[in-house]
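Student: Using only what follows, build the 3D model:
(chains A, B and C)
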Amino acid sequence: MKSGSASNKVVLYWHRTDLRLHDSPALHAALALNPSVFIPIWTWDPHYVYRSRVGPNRWRFLLECQSDLSHSYSQLNSKQKLWVVREAPLTVLPKLWKQWDITHLVFEKDTDSYARDRDDAVLRLAHEAGVEVIVKMGRNLFDPDELVRKNGGKPTMSISQVEKAAGQINHAQPDQPWDTPKSIPHPWEQDKMDLGSMEHEIAEPTPDLNSNHRIAKDTQYSLIMGPKNDFAVPTMEEIGIDSSLAISPHRGGESVALTMLSNYIQDDEYIGTFEKPKTSPAAFEPQSTTLLSPHLHFGTLSVRKFWWDVQGDLNKRKQEKKPNATIPTNLLGQLLFRDMYFAAQAAVGEPFSRTYGNKAVRFIDWHLQSEPQQGADNVLPARAYEIDSAEAEEWFQRWKTGRTGFPWIDALMRQLKQEGWIHHLGRHSVACFLTRGGCYVSWERGAEVFEELLIDHETACNVGNWMWLSCTAFFSQFYRCYSPVAFGKKWDPSGEFVRRYVPELARFDKKFIYEPWKAPIADQKKWGCRVTNDDSAGDGQVYPKPMFDFDERRQVCMDRMKNAYDVGLHGADEQVLNGSWRQLFGEDGDDHQGPKAKKQKTLEGD
DNA sequence: GACAAGTTGCCCGG
DNA sequence: CCGGGCAACTTGTC
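Tutor: This next block holds a predicted model:
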């Protein structure tokens, strides 16, 4: 190496939220130690493998990210790769430190609540083992904890709060990105890298929230270095996930992400005029937004590089006197929203992803509420919910599987399942429909489905957006309700999007494409699809009737929202924690009852 | 206490 | 494509 003799530092670099080489503050810090031995690892945390909901598309996307990173390491140093270890971090890390004579452990800061606890435990173990630990923030524009401090210790609940708080951090400009390293030190010689003689602890697979996606026994934990003892990135077969269901066209990996970004950046008209509310949720091939969110999630794209590359285009256009869209609707604003949700989560901590015990969110008397987990640990495995209404349960299942009978909703839910991605406004449509604008089902049920199916699933952002749409936090104008008919029609009057994802209706006239149940029977026959709940009807295809009258449901939901706002409970209130909230809302939970709190309020007023 | 602002509603009229 | 009515939320500022 040209930088002279290396130190005697042996650095273990732990990849988690940062599957990239470019602009990684943690990787930069690790290499700045000038290590004589450098070992970049991934280790499979059972919390992700079994206790997080991960569908086939995201599994494959993650494996692609790992393969790409491993390949990039090998290109910089033919002895290097991403060393994929199959054991839980808390048990395997101390053994690796010993086996590989590690002096330093380096990783990127993760402010998700589970990760904080895990990393705190790792810090304690490292201290005991005499291993020095370096942790660097690189996942966000601004350190979520620092944003919270600048926001008076409170969760960031609006973009203006974020702008104000970020303004006190380097004038609201994130740090400049680091370059990609030009060389990577060697690992140990092959025989020392070998873990064959190390004790191996196999992760406990129950409960396995992803068992419904496995077609074979999950064997990834049976051999610590993988089936060929070469630390290779696992295959879908090794983890037992059905790869025939991983049909998303969206690809993982740092090189894919950087190519996508540079293509967008070359088009300064697209970057400069981007306004999120004006991008179409019905666009496909190509979509109207960047599709870079999954890369931000896995850290295959640095959010700070994204920021500064966009800023570069905006500065250039400014000099050329071309107009630029502004925060919050422009691309920079989108990245700030991501930081807003991270900082809100960082402030609230573990209860952030649910209502129960969460003081930052409004309590609403949804159907299918999460059951409080008395004395449960933070992990919340298969989160239980109360089926208080068989009707609502059926609506939820039909929503999830794209059989509501509303083509716009069903098209979006089928796109979600197939591709692992839908446009932000499409997420608005289906989230409003499930919660305050249709089914009146708890937002937590919807968030869990998104957690499973989205390739860009980010807990802070997903949960935050569900709170937004359900008007439980961040947003409160519940009288602004998305129509499952009008909203799609506005963006896509001829219904191309519906035809693509609900092929049964492909031949329907555009007059009926959003409301096929209104088409005359003769036309339904002519267009090859009967709109009926009788699956055996006719010879051709069948599409269900709408599962309820939307206008009727909108009114019911709005009345109940008004009532819930009048009651005014929040997730950490006594009445929520002890279950007595039911008395405040009326015991039978009848959708058609009048608002109860209104009356109480009037009495108080007297 | 009034008033404005808040990334992305719908419907109708011009 | 724009504006107002619809019926009406919270937060921040004056």
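
Student: List the contacts of residue A:161.
Tutor: Each residue near residue A:161 by Cβ atoms under 8 Å, 6 or more residues apart in numbering is listed here: A:151, A:340. The way it works is simple: take the backbone N, C-alpha and C, and place the C-beta from them, glycine included.

Student: Please enumerate the strands of chain A.
Tutor: Applying DSSP state E to chain A gives strands spanning A:10-14, A:37-43, A:83-85, A:104-108, A:132-136, A:529-531, A:541-543.

Student: what's the distance between residue A:436 and residue A:363?
Tutor: 14 Å (Cβ to Cβ, to the nearest Å).

Student: re the thing from before, dump the strands of chain A into TSV; add distance to DNA strand C as well.
Tutor: Formatted as TSV, these follow (distance: least, Cβ to the nearest atom of the strand, whole Å):
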stretch	distance to DNA strand C
strand A:10-14	38
strand A:37-43	41
strand A:83-85	46
strand A:104-108	31
strand A:132-136	31
strand A:529-531	29
strand A:541-543	30
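
Student: For DNA strand B, which of these is the nearest?
Tutor: Closest approach to DNA strand B among the strands of chain A is made by strand A:529-531 (20.3 Å; Cβ to the nearest atom of the strand).

Student: Tell me the strands beside that closest one, with direction?
Tutor: Strand partners for strand A:529-531, identified by DSSP bridges, are recorded as strand A:541-543 (parallel).

Student: Now do the strand it pairs with: everything it contacts.
Tutor: By Cβ under 8 Å, 6+ apart, strand A:541-543 touches A:405, A:407, A:502, A:504-505, A:516, A:528-532, A:534-535.

Student: if we go to 10 Å?
Tutor: A:403, A:405, A:407, A:410, A:502-508, A:516-517, A:524, A:527-536 (Cβ atoms under 10 Å, 6 or more residues apart in numbering).

Student: Hmm, residue A:399 and residue A:429 touching each other?
Tutor: No - Residue A:429 lies out of contact with residue A:399 (Cβ atoms under 10 Å); the separation is 11.3 Å.

Student: Overlap in contacts, these two.
Tutor: With Cβ under 10 Å, 6+ apart as the test, residue A:429 and residue A:399 both reach A:406, A:409, A:413.

Student: Could you pick out the residues of the stretch 51-200 of chain A near DNA strand B for me?
Tutor: The stretch 51-200 of chain A comes close to DNA strand B at residues A:158-160, as judged by Cβ under 7 Å from any atom of the strand.

Student: so residue A:344 touches residue A:359, yeah?
Tutor: No - using Cβ under 10 Å, residue A:344 is not in contact with residue A:359, being 12.0 Å away.

Student: ok, these two, which is more surrounded?
Tutor: residue A:344 (29 against 11; other Cβ atoms under 10 Å).

Student: where does the more buried one land on pLDDT?
Tutor: On pLDDT, residue A:344 comes in at 97.

Student: Ok, residue A:171 next?
Tutor: Value for residue A:171, per-residue pLDDT: 88.

Student: what about it, how many residues close to it?
Tutor: 7.

Student: now do the one 4 residues further on
Tutor: When neighbours are defined as other Cβ under 10 Å, residue A:175 has 16 of them.

Student: Just give the closest residue to it, not the sequence neighbours.
Tutor: Using Cβ to Cβ, 6 or more residues apart in numbering and skipping the chain neighbours, the partner closest in space to residue A:175 is residue A:304 (6.2 Å).

Student: that older thread, what touches both of residue A:344 and residue A:359?
Tutor: residue A:155.

Student: Write out the residues of chain A neighbouring DNA strand B.
Tutor: Checking chain A against DNA strand B by Cβ under 7 Å from any atom of the strand, the hits are A:158-160, A:275-277, A:328-329, A:333-334, A:337, A:424-425, A:428, A:468, A:475-477, A:479-483, A:486-487, A:490.

Student: Just the ones of those in helices?
Tutor: Judged by DSSP state H, the residues of chain A next to DNA strand B include A:159-160, A:333-334, A:337, A:424-425, A:428, A:468, A:486-487, A:490 as members of helices.

Student: now, which of these sits nearest DNA strand C?
Tutor: Out of those, the member with the shortest distance to DNA strand C (by Cβ to the nearest atom of the strand) is residue A:160, at 7.2 Å.

Student: Contacts only, for residue A:515.
Tutor: A:405-408, A:484-485, A:489, A:508, A:531, A:546, A:550.

Student: Among those, which pair sits farthest apart?
Tutor: The largest separation in those, counting by Cβ to Cβ, is between A:508 and A:550 at 18.5 Å.

Student: Show the pLDDT at the residue of the stretch 501-606 of chain A found nearest DNA strand C.
Tutor: Residue of the stretch 501-606 of chain A nearest DNA strand C, by Cβ to the nearest atom of the strand: residue A:565 (5.0 Å). Residue A:565 is assigned 95 on the pLDDT scale.

Student: Can you give me the neighbour number for it?
Tutor: When neighbours are defined as other Cβ under 10 Å, residue A:565 has 16 of them.

Student: Where does pLDDT dip in the stretch 101-250 of chain A?
Tutor: Counting by pLDDT under 70, the stretch 101-250 of chain A has no low-confidence residues at all.

Student: still on that earlier bit, you'd agree the residue of the stretch 501-606 of chain A closest to DNA strand C is up against residue A:476?
Tutor: Yes - using Cβ under 10 Å, residue A:565 is in contact with residue A:476, at 7.7 Å.
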